[in-house]
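# just the structure for this:
(one chain, ligands or ions: 2)
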Amino acid sequence: MGALLMLLSAAQRPGPEPAVLQYPKNWPAPRYDFSRNPLTREGIELGRRLFYDPVLSRDSTLSCAGCHLSFTAFAHVDHALSHGIQDRIGTRNAPALANLAWAQAFMWDGAIQHLDFQALAPISSPTEMDHSIQKIVEKLNASPRYPALFEAAFGTRKATGERVLKAMAQFELTLISAGSKYDRMMAGTDTFSRQEQNGYAIFQKNCASCHAEPFFTNFSFEKNGLPLDTMLRDYGRMRITQNPADSLRFKVPTLRNIEFSYPYMHDGRFRKLRDVVNHYAQTTALDRPLELSANEKTDLVAFLLTLTDRAFLFNPDFSFPKE
Ligand code: HEC
Ligand code: HEC
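Ligands and ions are numbered 1, 2, ... in the order given. Reported below is the predicted structural model:
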């Protein structure tokens, strides 16, 4: 009887099935305004298909996932600067994507204010997908599969730019990383080794002012003492604000899954966590010099490795969609 009632209610349900984000109880409420783009199972699935579909690029060779791979925390790993269609080299390293529902601005310099519009940047960038949302919409409306997916997600068969962007944002919002050893420690279901515990103390003292828990970013733009790359001449946040005080400020990246999201920094200049820690140990550009012994560096790296979230990296809901 119970099963039959459930079947009936599913059949009678007028539209797509509402979905709810799952995240730890002690996290703040997401910043994203879901009332303007309510999550649905069908919307998320459509967004996932679009994220993995090279139809989004001009020559239909490169998808979002081409630069943002699920098993490397949605960063790219084999090169420092991003590679677009026809191997055109970009100017920045693709960041890891996680917990975007809490983000306040996007890109290394915060050029984009809202997740719903973010996808327009790679779609139109000549060194990335080099396409236009209008042409993508035409291709989707002419495709044999997409009209039914748009109908399931939005009620009618028509693809529109707004629907494409909203569906992709829905998928990206589900990319929640909250299942690392660190998270289990916080929930009281796991314990740190002495080395990890010591690394955590060093982290809280030296790193957490910018890489604040639980997102491991304060969502702000900061200077971490890296010298300007004289080839790329990327001044970060100043590009957007034109304010000299913002020179060499970059968005503080999350450190979740940092074991897998190498190379590091906006230009991918470091390949190893040890290189990053060595940078922080020797820079004189921070307010407070960090004095880290060799053992402390090792402990700090051990702590950073507790941020690896295998359930996230290998989540079947995040990987290439099956037929
Ligand atoms: C050619 C490689 C490439 C492709 C293709 C690509 N991206 Fe990116 N992505 C990047 C780079 C590089 C950045 C950082 C750009 C910057 O800071 O100016 C980025 C940044 C982002 C961000 C901001 C993350 C943050 O925390 O600030 C999101 C979200 C994102 N991409 C999603 C997408 C989506 C969705 C697509 C497909 C429509 C896509 N990307 C296609 C390379 C790529
Ligand atoms: C003053 C703020 C600040 C402090 C303190 C700080 N960071 Fe950072 N961190 C940043 C910024 C900003 C970036 C990005 C810089 C860039 O790309 O040019 C960054 C980047 C990183 C990255 C690379 C992440 C990636 O995905 O590329 C790692 C790893 C990192 N920091 C670890 C640490 C550790 C460990 C400490 C403590 C020893 C620390 N940070 C202290 C601001 C800070």
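
# from here on, just use CA atoms for contacts and neighbour counts.
OK.

# can you give me the strands for the stretch 1-150 of the chain?
Taking DSSP state E, counting those that start in this stretch as the criterion, the stretch 1-150 of the chain carries no strands.

# get me the contact residues on it for ligand 2.
Within reach of ligand 2 by CA under 6 Å from any ligand atom, the stretch 1-150 of the chain has these residues: P95.

# what about this protein, any weak spots by pLDDT?
Within the chain, the stretches falling below the threshold (pLDDT under 70) are 1-13, 323.

# skipping its backbone neighbours, what lies nearest the residue nearest the centre of it in space?
Averaging the C-alpha coordinates of the chain gives a centre point, and the residue nearest to it by CA atoms, centre = their mean is L97 (1.1 Å). For L97, the nearest residue in space outside its immediate sequence neighbours is F74; the separation is 5.3 Å by CA to CA, 6 or more residues apart in numbering.

# how many other residues sit next to that neighbour?
The tally of other residues near F74 (other CA atoms under 10 Å) stands at 24.

# rewinding a little: the residue nearest to the centre of the chain against L175, yeah?
Yes - with contacts counted by CA atoms under 8 Å, L97 reaches L175, the gap being 7.3 Å.

# thinking again about what came up before, quick one: contacts for the residue nearest to L97?
Listed by CA atoms under 8 Å, 6 or more residues apart in numbering, the contact partners of F74 are A65, C67, H68, P95, A96, L97, A98, S261.

# what do you get for D234?
The contact partners of D234, by CA under 8 Å, 6+ apart, come to L228, L248.

# and the gap between it and D246?
D234 sits 12 Å away from D246 when distances are taken as CA to CA, to the nearest Å.

# then L46?
For L46 relative to D246 (CA to CA), the value is 38 Å.

# who's more crowded, those two?
Ranked by neighbour count (other CA under 10 Å), L46 and D246 place L46 first, with 24 against 19.

# so who does that one touch?
Taking CA under 8 Å, 6+ apart as the criterion, L46 is in contact with L149, F150, A153, A167, M168, F171.

# surely the third one is in a strand?
Spelled out, that is A153. No - A153: not assigned to a strand; according to DSSP: H, G, I helix; E, B strand; the rest coil it is helix.

# that one is in contact with G47, isn't it?
No - with contact defined as CA under 8 Å, A153 does not count as touching G47 (9.6 Å).

# break this protein into its domains for me.
2-177, 181-310 (automatic domain parsing).

# so where do the helices sit in the protein?
For the chain, helices defined by DSSP state H occupy the ranges 2-12, 41-51, 115-118, 120-124, 133-141, 146-154, 161-173, 181-187, 194-206, 238-241, 273-282, 294-305, 310-313.

# could I get the ones you listed as CSV with distance to T230?
As requested, the helices of the chain are exported to CSV (distance: least, CA to CA, whole Å):
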stretch, distance to T230
helix 2-12, 60
helix 41-51, 34
helix 115-118, 28
helix 120-124, 25
helix 133-141, 34
helix 146-154, 45
helix 161-173, 34
helix 181-187, 37
helix 194-206, 28
helix 238-241, 16
helix 273-282, 18
helix 294-305, 28
helix 310-313, 34
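
# those helices: which one's closest to ligand 1?
Ranking the helices of the chain by their distance to ligand 1 (criterion: CA to the nearest ligand atom) puts helix 120-124 first, at 4.9 Å.

# ok, back up a step: just put the contacts of F74 in a markdown table and tack on distance to Q104.
Compiled in a markdown table, those are given as follows (distance: CA to CA, whole Å):
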| residue | distance to Q104 |
| --- | --- |
| A65 | 22 |
| C67 | 22 |
| H68 | 20 |
| P95 | 15 |
| A96 | 15 |
| L97 | 13 |
| A98 | 13 |
| S261 | 21 |
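
# show me which of these is closest to ligand 1.
Closest to ligand 1 out of the contacts of F74 is C67 (4.4 Å), distances taken as CA to the nearest ligand atom.

# alright, calling it a day.
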